[in-house]
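> sequence-free structure coming up:
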Ligand code: IMP
């Protein structure tokens with residue numbers, strides 16, 4: 001599969017992802033059965049994961065989309081924009097950040113800090129994918145779908161220069 005100048009091969013099938021999403025939902029339901037969590041998907045990458053996850057969650061909850069970006073092309077720029085779009089008060093709420101992928105962990109760290117400043121009661125994260133650098137930095141992520149090494153991936157919401165978000169499977173770059 002090609003996107004612009006890069007070639008990709010299938011890494012995770014839609015079927016595998018679907019099963020994993022359901023398993024993550026069961027874990028979250030169990031941990032939050034007496035709470036009403038606010039799911040906070042980080043746009044754009046987590047839109048597909050968030051949509052599938054929310055359909056699997058069977059406890060009372062809220063959803064509020066936010067946006068932040070640190071990526072340009074295939075390398076993290078380290079340039080973080082601020083969290084935008086949280087229109088309802090998050091004070092005193094149990095927040096679950098919904099991330100497509102955690103690479104360096106900079107984005108997640110930044111968002112967690114900002115949410116704690118806003119007075120969130122608790123902040124946890126569910127990430128479909130986690131890369132090696134985030135493991136090295138030991139960023140606490142309560143719910144993780146799949147562990148990756150360093151590979152650049154696209155599909156299921158993830159993009160390469162805006163392309164590939166619509167794909168139902170996850171693909172990894174060939175010849176890195
Ligand atoms: P971090 O701040 O380095 O952890 O980067 C997290 C964000 O970068 C994710 O929410 C994605 O939007 C983006 N990102 C990280 N790795 C990839 C990748 O392999 N493909 C596409 N986007 C990625």
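That came through fine. All figures in this text were calculated on a predicted structure; none of them were measured in a lab.

> which stretches of this protein form strands?
2-3, 6-12, 38-43, 62-63, 66-67, 71-72, 75-76, 94-102, 122-130, 143-147, 153-154, 170-173 (DSSP state E).

> top helix in the protein by residue count?
helix 14-31 (DSSP state H).

> what comes up buried for that helix?
For helix 14-31, the neighbour count (16 or more other Cβ atoms under 10 Å) marks 17, 20-21, 24-25, 28, 31 as buried. C-betas here are computed from N, CA, C, even on glycine.

> looking at those residues, which is nearest residue 139?
The nearest member of those to residue 139, counting by Cβ to Cβ, is residue 24 at 17.3 Å.

> just to revisit the earlier point, give me the angle between the longest helix of the chain and strand 38-43.
Relative orientation of helix 14-31 and strand 38-43, computed by axes from the mean of the first three to the mean of the last three Cα atoms, to 10 degrees: 150 degrees.

> mean pLDDT lowest where, among the strands of the chain?
Mean pLDDT is lowest for strand 71-72 among these, at a mean of 50.

> how about the residues of the protein by the ligand?
When proximity is defined by Cβ under 6 Å from any ligand atom, the chain lies next to the ligand at 42, 45, 70-71, 76, 99-107, 152-154, 158-159.

> still on that earlier bit, could the buried residues of helix 14-31 go into a markdown table alongside pLDDT and distance to residue 124?
Output for the buried residues of helix 14-31, formatted as a markdown table (pLDDT from 0 to 100; distance: Cβ to Cβ, whole Å):
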| residue | pLDDT | distance to residue 124 |
| --- | --- | --- |
| 17 | 98 | 21 |
| 20 | 98 | 17 |
| 21 | 98 | 17 |
| 24 | 98 | 12 |
| 25 | 98 | 14 |
| 28 | 98 | 9 |
| 31 | 98 | 8 |
